[in-house]
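[1] take this sequence and fold it.
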Amino acid sequence: MPQEYDTEARPPRIMPDYTDVTMPPNICPPNFTVHEVGRQTAVRLSAHDISYTYGNNMNVEIDANEWAALTKAARGGSIKVEVFVEEGQRWKSYQPFAINIATDDIDPYISYRLIPPSYVAYSHMMLAQRNLATYDETIFYDNQALTTKQAGQCVNCHSYQNYHTDHMLFHMRHNHAGTIIVDGGNIKKINTKTDSTISAGVYPSWHPTLNLVAFSTNHTGQTFHTKDISKIEVQDTQSDIIIYDIDRNDISTVANDSNELEVFPAWSADGHTLYYCSAHFKHQADSIVEDHFITHYKDIKYNIYAKTFNPQTRQFGPRTLIVDAAAIGKSATLPRISPDGRYMIFALGPWGCFHVWHPESDIYIMDLDTHLAQPLAEINSERSDSYPSFSSNGRWIMTASRRDDGNYTRPYIAYFDTNGHCHKPFELPQRDPNHYQYLLYSYNRPEFMCEPVPYTAGQFAAEALKPATNAIYHGNKNINATNKHDEERKFKTLSETS
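    Numbering: from 1, shown residues only. Model (predicted):
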């Protein structure tokens, strides 16, 4: 480390930005690049009586064993980071910063879809899982295995039961279409489209204890802006909520109001409540539905509702309004419930259901005891923040954010402490600190996992080649009565301008 240096009264600029973040003690080293003018850097990390130095040109690549020693010493405290940069013939010292180490661990794995930023084509898509204690990433499904010049395949929407992979699923569309379901030790390919449903099951949520999956069924389309930073609108012209019973291979309708667009189901942690989003839309007889959505896309605003569910009778109650986003001119989507049942996080945007394309979208949190909702200011950025999820212990929140450049979604993780306070998020660490500068894929729908997927891409591809088993339509479990408390449980914010 340099002994003589000038002093800069500010922290250094580093990428990814790990200054003053809070990290789990069981995560891999947060390698970074120092983005200051200079030819080399010298960095010291210290915790209590342990200290290590690093520097490779302007990159900082931390030894895994040394990082483990630092996090063990700093658990519940912080690691001090000192940065020096050689500029010309002089060294410069920057204001030290901290990497705080929480007492709570994080789930050992996450998974995501890797997809290039395309709009009307789907050339190369992969479902990948990442070990958070190391940098190891494995692909457990690759659409190239079944894509030909004549027929492409889209793959999307992976989901797990209670964060475990012995019960999981993902969709394939177009070539060899179907839903791949792992049911214990069995892999099945199911066609969830019936004559009585709009489409095959789309956005899934697995019941935490029963072999049931809630899906939406959708007619989805895209329209493009000629003069707008958002580039594109993704819209549903029809959507309902269904339940698929894996053991019986049957489908039941849960919500299918002809004047509502129902989407994004999400079970509560105890499995007694199903949350979902719905936008009121009444088709005008003299208009074409698609044209109406194109010209009135800013008028489509989703609220969040809930239906009680009896696991014994498997019956749903009437819907109850939980988040009245439309009342303040907003649209709420993608609800997720904390494992303790106390909080709901969701994405809030100006309109529509696909907030990943809306730079204005932010993550909000609602205390389900007080029904008070507010933005998670520590997580949100000036660009799109979407797809929020809780870790299995409820102490970590992950989002897909476009804060880096506005085009690519990256996974950001934030500590959510026992007082309900969210800390500054950090970008998923990579072995190469410049990884995100060169990767031309987005991380889509990141999900926490307690364990890795036990099957290979080859095993899934072999099952995908087989004919799908057709699901059977069982009936309609929808209760259309309006709950008397519908108007009492409305969206609340600390400020109506939030």
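
[2] what are the buried residues along stretch 156-166?
    Neighbour-count burial for stretch 156-166 flags 156, 157, 158, 159, 160, 161, 162, 163, 165 (criterion: 16 or more other CB atoms under 10 Å). (Glycine included, C-beta is placed from N, CA and C.)

[3] ok, the third one - contacts?
    Remark: with contacts taken as CB atoms under 8 Å, 6 or more residues apart in numbering, residue 158 is in contact with 111, 113, 127, 168, 169, 170, 445, 447.

[4] and the second one, what pLDDT?
    To tie it back to what came earlier, the one meant is residue 113. Confidence at residue 113, expressed as pLDDT, is 96.

[5] go on, the third one?
    In this prediction, residue 127 carries a pLDDT score of 97.

[6] who does it form a beta bridge with?
    Beta-bridge pairing of residue 127 under DSSP bridges involves residue 113, residue 141.

[7] contacts only, for it.
    Per CB under 8 Å, 6+ apart, neighbours of residue 127: 111, 112, 113, 114, 139, 140, 141, 142, 155, 158, 170.

[8] same question for the fifth one.
    For residue 169, the residues meeting the contact criterion (CB under 8 Å, 6+ apart) are 158, 159, 179, 180, 181, 182, 204, 206, 213.

[9] quick one: low-confidence ranges for the stretch 151-300 of the chain?
    283-288 (pLDDT under 70).

[10] swap the cut-off to 90 and go again
    Scanning the stretch 151-300 of the chain for pLDDT under 90 picks out the ranges 151-157, 173-174, 185, 218-238, 257-259, 281-299.

[11] cool, and the stretch 301-450 of the chain?
    Within the stretch 301-450 of the chain, the stretches with pLDDT under 90 are 354, 357, 406-407.

[12] could I get the buried residue list for the helix or strand where residue 70 lies?
    Per DSSP states H and E, residue 70 falls inside helix 64-74. Neighbour-count burial for helix 64-74, counted by 16+ other CB under 10 Å, picks out 66, 67, 70, 71, 74.

[13] now tabulate those in CSV and tack on pLDDT and distance to residue 35.
    What follows is the buried residues of helix 64-74, written out as CSV (pLDDT from 0 to 100; distance: CB to CB, whole Å):
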residue, pLDDT, distance to residue 35
66, 98, 23
67, 98, 21
70, 98, 23
71, 98, 25
74, 98, 25
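
[14] residue 404: which of those is nearest?
    residue 67 (23.6 Å; CB to CB).

[15] for the buried residues of stretch 156-166, which one is nearest residue 91?
    residue 163 (47.0 Å).

[16] residue 138 - nearest residue in space that isn't next to it in sequence?
    Residue nearest to residue 138 in three dimensions, not counting chain neighbours: residue 129, with 5.7 Å by CB to CB, 6 or more residues apart in numbering.

[17] how close does that neighbour get to residue 122?
    For residue 129, the distance to residue 122 equals 20 Å [CB to CB, to the nearest Å].

[18] try residue 162
    30 Å.

[19] in the stretch 351-498 of the chain, which spans are strands?
    Here the stretch 351-498 of the chain has its strands, by DSSP state E, counting those that start in this stretch, at 362-367, 372-375, 385-390, 396-401, 410-415, 426-427, 442-449, 469-470, 472-476.

[20] can you redo the ones you listed as a markdown table with distance to residue 149?
    Shown next, in a markdown table, are the strands of the stretch 351-498 of the chain (distance: least, CB to CB, whole Å):
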| stretch | distance to residue 149 |
| --- | --- |
| strand 362-367 | 41 |
| strand 372-375 | 47 |
| strand 385-390 | 32 |
| strand 396-401 | 31 |
| strand 410-415 | 32 |
| strand 426-427 | 37 |
| strand 442-449 | 25 |
| strand 469-470 | 29 |
| strand 472-476 | 35 |
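
[21] dig out what the closest residue to residue 66 other than its chain neighbours forms beta bridges with.
    In space, and not counting its chain neighbours, residue 66 is closest to residue 52: 4.7 Å by CB to CB, 6+ apart. Beta-bridge partners for residue 52, by DSSP bridges, are residue 45.

[22] count of residues packed around residue 52?
    Residues lying near residue 52 (other CB atoms under 10 Å) number 17.

[23] OK, contacts around it?
    Residues near residue 52 by CB under 8 Å, 6+ apart: 44, 45, 46, 62, 63, 66, 70.

[24] next: residue 403.
    For residue 403, counting by CB under 8 Å, 6+ apart, the contacting residues are 381, 382, 383, 385, 410, 412.

[25] if we go to 7 Å?
    By CB atoms under 7 Å, 6 or more residues apart in numbering, the contact list for residue 403 reads 381, 383.

[26] how near is it to residue 178?
    Per CB to CB, residue 403 is found 36 Å from residue 178.

[27] check contacts around residue 29.
    62, 64, 67, 429.

[28] now do the same contact list for residue 14.
    With contact set as CB under 7 Å, 6+ apart, residue 14 has these partners: 32, 33, 34, 35.

[29] how does it look with 6 Å?
    Residue 14 makes contacts with 32, 34, as judged by CB atoms under 6 Å, 6 or more residues apart in numbering.

[30] circling back to that earlier point, can I have the buried ones of the contacts of residue 127 as a PyMOL selection?
    Remark: buried members of those, expressed as a PyMOL selection using 16+ other CB under 10 Å:
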select buried, resi 111+112+113+114+140+141+142+155+158+170
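
[31] can you redo the contacts of residue 127 as CSV with distance to residue 228?
    Shown next, in CSV, are those (distance: CB to CB, whole Å):
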residue, distance to residue 228
111, 32
112, 27
113, 25
114, 26
139, 34
140, 36
141, 33
142, 33
155, 29
158, 30
170, 32
